[in-house]
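Colleague: Sequence first, predicted coordinates after that:
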Amino acid sequence: MKKLVYLLAAGSMAFMACQNSPSYKVTGTVEDITDGDTIYLQEYAGGDLVKLDSAIVKGGTFVFTGKQDTAVNRYITYMKGDKRFFTDLFLENGNINVTLGKESKISGTPNNDAYQKFKNDFMALSKEMNEMYQKAQSDTSLTEEQVAEVMAEIEKKDSIGMEMVYQTIEANITNPVGVYLLPSYAGAFDLERQKALVEKIPAGLTDERINKLKAHIETSEKTAVGQKYIDFSMQTPEGETVSLSSFISKNKYTLIDFWASWCGPCRKEMPNVVAAYNEFKAKGFGIVGVSLDENAEQWKEAIKALNITWPQMSDLKGWSNEGAKLYGVNSIPATVLVDQDGTIIARNLRGEDIKAKLSELLK
């Protein structure tokens, strides 16, 4: 009898434990919505949003319930006619509140409160910068000097914004918010700051995106300023196989310029590169273009259209370009300046910074 009582009590306790185990409840409202409409809970995978769950709106409210072992980034979406509202959140156990609309909001759990604060701060600064830029471009009463002042102020605010992003990630690097944000913004930070953040991530929070960032940091460290360049060979537009070393040995300084014909920012930057080449080539400056093109004809047409007269090489593998992989290039245009001894002097010089650096080196 005692054994039976014990088993019944144990079963009752187990049931109560299941009833009280951690779970999530996402409660939300949507601007100007009709009862009976459907809201979806989705994840971003393989470049697309994938539906995981759905909820019908009743009394202007929708609810999702379930359980999570760990906090994960998910999307709440509503799409009907010309209305397309969505927001991402951290799906974690607890009560999460969502307001879905033109300015969506999330709150209620630690990760979502921290994430919403980041969104608020970042969007406020972005809006301010955009308004300043629009005024500089459209206000015909402004002089050139005043426009230049506005643009300088925008640059200053951009630096402040990136520092805010860094501080937010650093403050949250031991929770899912910081780990989620880091890969998206890491490129705005120098290598040492990226590495410092990655080293603080708890082992249990490391995911595929963080592993890719770690691999990128390791690659970039091998080709950082002060390191020796890494040689590689590819083909010219004419089909001849050439190597970086054959050019670097001939010049006092060589700029390795990673670009592509399809890259808008690369085409916009190219006049600066052309101007620097024309000004300093007689003093021992050379350039080697490394194209991330896949189409040989488009590559050749761009070389001609952009007045590129220095050597070019490519394996026509696009983002799988072997040279880009060796130098940790994940955005273009990207540059690497190397001296005649093969030491990397600078990375990612653009605009007037190219001329300024060459003026310093080739006095």
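Modeller: Structure received. Since we're looking at a predicted model, the values are computed, not measured.

Colleague: Just the helices from this protein, written as ranges.
Modeller: Per DSSP state H, the chain carries helices over the ranges 2-20, 110-138, 144-171, 176-185, 191-198, 208-222, 244-248, 264-280, 296-305, 322-326, 352-361.

Colleague: can you list these in CSV and add mean pLDDT?
Modeller: What follows is the helices of the chain, written out as CSV (pLDDT from 0 to 100):
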stretch, mean pLDDT
helix 2-20, 45
helix 110-138, 92
helix 144-171, 91
helix 176-185, 94
helix 191-198, 93
helix 208-222, 91
helix 244-248, 93
helix 264-280, 95
helix 296-305, 96
helix 322-326, 94
helix 352-361, 93
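
Colleague: most tightly surrounded among those?
Modeller: Of all these, helix 176-185 has the most neighbours on average by mean count of other C-beta atoms under 10 Å, namely a mean of 20. All C-beta spots, glycine's among them, are computed from the backbone N, C-alpha and C.

Colleague: if I pick residue 117, what's in contact with it?
Modeller: Contact analysis of residue 117 by C-beta atoms under 8 Å, 6 or more residues apart in numbering lists residue 168.

Colleague: Which of the helices of the chain sits closest to residue 48?
Modeller: Nearest of these to residue 48, taken as C-beta to C-beta: helix 208-222 at 16.6 Å.

Colleague: coming back round to it: let's have the helices of the chain in TSV, adding distance to residue 37.
Modeller: Converted to TSV, the helices of the chain look like this (distance: least, C-beta to C-beta, whole Å):
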stretch	distance to residue 37
helix 2-20	31
helix 110-138	23
helix 144-171	34
helix 176-185	29
helix 191-198	41
helix 208-222	33
helix 244-248	59
helix 264-280	39
helix 296-305	46
helix 322-326	46
helix 352-361	52
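
Colleague: how deep is residue 54 tucked in, by neighbour count?
Modeller: The number of residues packed near residue 54 is 12, by other C-beta atoms under 10 Å.

Colleague: Quick check: bridge partners of it?
Modeller: Beta-bridge pairing for residue 54 (DSSP bridges): residue 40.

Colleague: Help me confirm that it comes into contact with residue 39.
Modeller: Yes: between residue 54 and residue 39 a contact is recorded at 6.9 Å, counting by C-beta atoms under 8 Å.
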